[in-house]
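Visitor: Following is a predicted model, sequence given first.
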Amino acid sequence: MELSTSLVFPADPATVFTMVTDPGFLEEVAREARATDCSVTVDGRSTTSSRSLQAPPEAEKITGPSIRIVETRTWSEAGPDGSRTASLDLKVPGQPITMDGNIRLHPAGGHTRIDITGELKVKIPLIGKKLEKMAAPAVEDGIRAEERVGLRRLQG
């Protein structure tokens with residue numbers, strides 16, 4: 001299932017990149033997304049966030065009461081205008097759930113926009129597509145948590 005969303009922040013690309021690769025920011029995003037625990041690793045331009053969330057009731061029969069999500073973003077060097085791209089790799093260890101995608105951070109009219117696109121896949125015969133549709137809102141809420149935290153930080 002294709003997912004696509006954009007986030008807009010009132011700051012320049014360098015400021016936004018520094019924010020989205022800050023371990024404290026990533027931990028705050030996990031809390032905002034209602035994670036019960038989180039660990040974050042930043043290694044150069046690569047960030048990995050591992051967080052546990054309560055499983056959606058519809059998925060508990062397959063996943064159990066909670067799921068662990070491991071998300072890795074590997075960023076490029078900045079372009080002349082501060083823009084960057086990143087690969088996005090999201091996995092649910094022990095489950096046939098993945099999301100591979102791309103991120104583009106770029107200036108947009110005095111702000112910075114982050115465009116996130118990806119392919120969410122649940123590889124379970126017969127019910128995979130149905131589970132993708134159930135999981136999509138949770139994935140999108142996790143992305144929106146990043147926007148809410150970022151806006152608070154930049155405005156505060």
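Guide: Everything's here; your move.
Visitor: got the contact list for the helix or strand residue 8 falls within?
Guide: In the assignment (DSSP states H and E), residue 8 maps to strand 2-9. For strand 2-9, contacts defined as CB atoms under 8 Å, 6 or more residues apart in numbering pick out 16, 19, 99, 101, 108, 111-120, 136, 139-140, 143-144, 146-147, 150-151, 154. For every residue, glycine as well, the C-beta is placed using N, CA and C.
Visitor: For the next helix or strand after it, which residues meet the burial criterion?
Guide: Under the assignment DSSP H and E, the closest C-terminal helix or strand after strand 2-9 is helix 13-20. Using 16 or more other CB atoms under 10 Å as the test for burial, helix 13-20 gives 13, 16-17, 19-20.
Visitor: Which of the residues you listed sits closest to residue 44?
Guide: residue 17 (12.6 Å; CB to CB).
Visitor: which residues touch the helix or strand bottoming out on mean pLDDT in the chain?
Guide: Least confident helix or strand of the chain, by mean pLDDT, DSSP states H and E, is helix 60-63 with a mean of 78. Residues from elsewhere that reach helix 60-63 (CB under 8 Å, 6+ apart): 55, 92, 95, 124, 131.
Visitor: burial measure for residue 29, as a count.
Guide: Other residues within reach of residue 29, judged by other CB atoms under 10 Å, total 24.
Visitor: My guess is it contacts residue 145. True?
Guide: Yes. Assessed by CB atoms under 8 Å, residue 29 is found in contact with residue 145 at 5.2 Å.
Visitor: re earlier: which among the contacts of helix 60-63 count as buried?
Guide: 55, 92, 95, 131.
Visitor: just for this structure, where's the confidence low?
Guide: By pLDDT under 70, the chain contains no weakly predicted segment.
Visitor: Give me the phi and psi for residue 116.
Guide: Torsion angles at residue 116 (phi, psi; degrees, to the nearest 10) stand at phi -120, psi 120.
Visitor: With the one 4 residues further on instead?
Guide: Main-chain torsions, residue 120, degrees, to the nearest 10: phi -90, psi 130.
Visitor: quick one, what contacts it?
Guide: Applying CB under 8 Å, 6+ apart, the residues near residue 120 are 1-3, 97-99, 132, 135-136, 139.
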